[in-house]
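**Q** any chance you can model this:
(2 chains)
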Amino acid sequence: MINNKEYYTDLFSTGVPEMEQLIETALEDGGDYADLYFENTSYRDLYLRDGKVSSGGFHVDFGVGIRVLKGEKTGYAYSESTDMASLQNAAKAAAAISRGIKAESEPKPTFPFKGKPNPAADRYPIVVDWRGCTMDSFVPVLTKLESLIRAKESRVVKVMAMLSTSVSDVMMFNSHLEFKYETRPMGTLAVSVVFNNGRSTQNNHCSRSFRMGAEMLTDELLEELASQVTGKLDDRFEAVRPKGGKMPVVMGAGASGILLHEAMGHAFEADFNRKGQSIFSDKMGTRVCREGITIVDDGTLRSNRGSLNFDDEGVPAQRTTMVEDGILTSYLHDRVSAGYYNVSPTGNGRRESFRYNPIPRMRATYMESGNDDPKDIVASVKKGIYVDEFANGQVKIGEGDFTFYVKHGYLIENGHLTRPVKDINIIGNGPKALADIVAVGNDSCVDNGAWTCGKEQSVPVMCGIPTVLVNNLTVGGE
Amino acid sequence: MKKIPWSITPEEMAIARECIDKALKAGASQVRVTINKSLMDLFMFLNGELDKVTHSGDRSMVLNIFADGRFGTFSTNRLSMADLDDFILKAVETVKMLSEDPCRKLPSQERVAKDALTGLEMGNYDPAYAEMDSARRLEIAHGATNFAKAKPEGFSLISEEMEYSDSIYDTYVIDSEGTCCRHIESSFEIGCECTIEDAEGHKYSGYWWDSSSHFDKLSTADCCSKALGRAAAQIGPKGHRGGKFNMVVENEVASRLINPVLNALNGYSLQQQNSFMVDSLGKRLFPEGFTIMDMPREVGANGARMFDSEGVATVNTPIIEDGKVARYFINTYISGKMEIEPTIEDSTRASIMPWIKEGAVPEGFSAKDMIKKLGKGIFVTGFNGGNCNSATGDFSYGVEGYAFSRGRITNPVRGMVITGNFLELWANLYAAGCDARRSMSKIIPSLAFENVDFSA
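**A** Below is the predicted model:
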């Protein structure tokens, strides 16, 4: 949502002359660039446990981050108050980065992004503002969700449901005199269920998260969550650990995109490349996978958890094609890395809150659909694994090695899904796995779970992928 | 002693008391207020040059409000009384909208800490913190870089990213029943990550860090050279077949194997039946003689603390004793829900005692000695992804490290996975060393296990 400019300047008790004065202070020791990031976030949470919505609360976080750049070097400080004296102190602390550093002959160019925020182009208009709703209006949402779950499944032992919401007013101003402001909503509904079949216990968790107001809480959403969390339960109880080894792995469409995020996406973030740490550091313009594969990072999907009107440096969000038809075409840039590479920033400068300086981060990262029928992809595998639920992925950026925990999947035997499998790891190497993709389904979709990326700071992201066959990965099993 | 920088002021304490009065007046039956303040300065060097400076001061207040048998948690960093007046009224109103839960109440006064009055009792504050200024911090950080001095042989140093930071944390907890506790802690930390490239163009990274609440115990001189050494030691990994092997886990990463057990002993997991330790109290699930202590009251130690978030007094006590489960972590709320005696909210400073399957533990028993004793197996120095099923204890983790044979390390290995069940893994414990790093808040030494399933 984008309100008028006065809404934000009143909220933060400041105006353009005061912000110009702060920028002047921040640059007085010789910095090349400075920016201000004002934030006022209201969080709420509500929990259902043991059949009762018996705990919840709200939380307020308010402050201003001030950043100074000297070349690629960063000075950062923040204030939890908008009184001018506190802000001046923070500006002086951030300016410290410039002291004692010789001026470069020519400061790195930075691209201006002038122009007013445009409410007509808003990617997350709020229909029902979370801040205008009382907590009791959400109690029936959680109790109904529990009822739907218990109605679908008799083996339920415990249900824990949570609604968490946030609304952030943000305002940005920088030494190019760019002035951006907007209000970012987020709603997340999550449920964890413990099941027992009389012989053993299983648990499952699922969530949905959107940049939306309270209008996201529809009956359809509750039904979808209840169905997903109780789905495949017989398989979960029967699932076994398969024999491990190297084998073809079919990634199911949607949530398997987390592998794309972790194993490839991070290595495309320009800060890792600027420092020479990424395994893709010297691969720009080269083929990294077969023709027909296109990977994008998209900040423009309406109401998507990873979307933005502007990134946290005021750069308009965009759809960035990282790999086009198999060729590496772009890293993900903030202003710092864009200056280093002398390219335009891609709207990926993101931060957890005013307490953090922005760094290159993903938004909604997905692979576009290919031409293969998902059924044909499974049918083409004689012996392998099909996975449709991952958790706890990790990657080593330099080496490219990744490990992913498979929550749920199936053995593939002679082209058919047979026994359910669980609690195994898939391990591989990002560039190699990318190169080993031999089939791409025509069913790409993003997963609307509450994905959060934890690179130094936590930011909301989204991931997606079509059904994909990776020819050769290590599956850790019995 | 110099004034403690950024510590909670008498005015802020008065605001906390006023918040309790106002919440009670607005209809709350019980109230707890926690003020947290922290200040951190960080200097980061990239390849020997200053790359980033940050200065972070935080101040927040958390209110736990109990009203009409109902409960809610509220927090804000806007601490002027004008802002708080409206905040408290809305908070109490909100609590009254929630469902009744008779188990929600403050801890009884017999359980709360009475000896945490100044915040300095645990000896976690170093007066040297007050002497720090930007010039000193810069000097420390600059002195710790190794980029210009490093002499890589057989590989090139791609990047050295080194951070020095120091911080102060001050926590003040009061409630409407008379609880009043304070904890002040300084912290000095250094960490370095080196990325290298071998002759074939393969990249490897190594990380090392140190941390202490006292500056004179922080080891800054060798941090970057250790990170570089850890990266270089990984050059030339060889494939390794899968199978059942002995596993030695380095002290640096061994906490990965005890955290799921501690989580499973937490009351929230137990009450939700989402724990593989349900009904385990008093049962021998670990080898005879094996003990894990909670040691929160070791003065001056990292992680030491006199009270939990409810203000309940911590105590040095066994978690696992002689192989038997001796303690669940039960707060006031879960105590009511499970109808058992409360203990403490969580383990504060879990400490694994030295132990070996046969004979007495030799003095200074370390990972190196375990490798010698076991002869053949895998020495794990890093975990890469993986998970534990909290309901069943089944786990699968990516690991990296070194193969060892005839008691000596032979070659690096990577891309391996261990799988199993935590109860079975711990039943197969071979040894726990005497080499825990004191820089950690948990005292976890190197560990050795027999018959661990590796896939590769």
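
**Q** report how many residues lie close to A:Thr41.
**A** Neighbourhood size, A:Thr41 [other Cβ atoms under 10 Å in any protein chain shown]: 18. The way it works is simple: take the backbone N, C-alpha and C, and place the C-beta from them, glycine included.

**Q** any part of stretch B:368-385 near chain A?
**A** Yes. Under the criterion of Cβ under 8 Å from any Cβ of the partner chain, chain A is reached by stretch B:368-385 at B:Asn384, B:Gly385.

**Q** so how far is that stretch off the chain centroid?
**A** Put simply, stretch B:368-385 sits 23 Å off its chain's centre (Cα atoms, centre = their mean, to the nearest Å).

**Q** let me see the mean pLDDT of that stretch.
**A** Model confidence over stretch B:368-385 averages 95 on the pLDDT scale.

**Q** and if you look at stretch B:94-112?
**A** In this model, stretch B:94-112 has a mean pLDDT of 96.

**Q** same question for stretch A:29-41.
**A** pLDDT averaged over stretch A:29-41 equals 96, rounded to a whole number.

**Q** swap in stretch B:9-22?
**A** If you average the pLDDT over stretch B:9-22, you get 97.

**Q** that stretch: which residues count as buried?
**A** Neighbour counts over stretch B:9-22 (16 or more other Cβ atoms under 10 Å in any protein chain shown) mark B:Glu12, B:Met13, B:Ile15, B:Ala16, B:Cys19, B:Ile20, B:Lys22 as buried.

**Q** going by distance to chain A, which of those wins?
**A** Nearest to chain A, judged by Cβ to the nearest Cβ, of the buried residues of stretch B:9-22 is B:Glu12 at 12.9 Å.

**Q** doesn't the closest one belong to a helix?
**A** Yes. Inclusion of B:Glu12 in a helix is indicated when DSSP: H, G, I helix; E, B strand; the rest coil is applied.

**Q** and B:Arg438, how many neighbours?
**A** Using other Cβ under 10 Å as the criterion, the residues surrounding B:Arg438 number 11.

**Q** turn the buried residues of stretch B:9-22 into TSV, including secondary structure and distance to chain A.
**A** Compiled in TSV, those are given as follows (DSSP: H, G, I helix; E, B strand; the rest coil; distance: Cβ to the nearest Cβ, whole Å):
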residue	secondary structure	distance to chain A
B:Glu12	helix	13
B:Met13	helix	18
B:Ile15	helix	15
B:Ala16	helix	16
B:Cys19	helix	14
B:Ile20	helix	17
B:Lys22	helix	16
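
**Q** show me where the chain has its helices.
**A** No chain specified, so I'll use chain A. A:5-11, A:16-26, A:84-95, A:139-152, A:219-230, A:233-238, A:257-259, A:270-274, A:335-341, A:374-379, A:430-435 (DSSP state H).

**Q** the intended chain is chain B.
**A** Along chain B, the stretches classed as helices by DSSP H are B:10-25, B:81-97, B:134-144, B:223-232, B:255-264, B:267-271, B:332-338, B:367-374, B:422-427.

**Q** CA atoms only for the first one, dumped as PDB, please.
**A** Written as PDB, here are the backbone C-alpha positions of helix B:10-25 (Å, rounded to 0.1, in the frame of the first residue of the first chain):
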ATOM      1  CA  PRO B  10      17.100   4.300  37.200                       C
ATOM      2  CA  GLU B  11      14.600   6.300  35.100                       C
ATOM      3  CA  GLU B  12      14.000   3.300  32.800                       C
ATOM      4  CA  MET B  13      13.600   1.100  35.900                       C
ATOM      5  CA  ALA B  14      11.000   3.600  37.200                       C
ATOM      6  CA  ILE B  15       9.200   3.400  33.900                       C
ATOM      7  CA  ALA B  16       9.100  -0.400  34.200                       C
ATOM      8  CA  ARG B  17       7.500  -0.100  37.700                       C
ATOM      9  CA  GLU B  18       5.000   2.500  36.400                       C
ATOM     10  CA  CYS B  19       4.000   0.100  33.600                       C
ATOM     11  CA  ILE B  20       3.100  -2.600  36.100                       C
ATOM     12  CA  ASP B  21       1.000  -0.100  38.100                       C
ATOM     13  CA  LYS B  22      -0.800   1.100  35.000                       C
ATOM     14  CA  ALA B  23      -1.500  -2.400  33.700                       C
ATOM     15  CA  LEU B  24      -2.900  -3.500  37.100                       C
ATOM     16  CA  LYS B  25      -5.000  -0.300  37.100                       C
END
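
**Q** now for it, which elements pack on it?
**A** Judged by 3 or more Cβ pairs under 8 Å, 6 or more residues apart in numbering or on different chains; DSSP states H and E, helix B:10-25 is in contact with strand B:30-46, strand B:49-67, helix B:81-97, strand B:155-175.

**Q** turn the ones you listed into TSV, including distance to A:Thr346.
**A** Below are these laid out as TSV (distance: least, Cβ to Cβ, whole Å):
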stretch	distance to A:Thr346
strand B:30-46	22
strand B:49-67	21
helix B:81-97	38
strand B:155-175	23
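
**Q** the ones you listed: which one's closest to A:Ser444?
**A** When the helices and strands packed on helix B:10-25 are compared for distance to A:Ser444 using Cβ to Cβ, the nearest one is strand B:155-175, at 34.7 Å.
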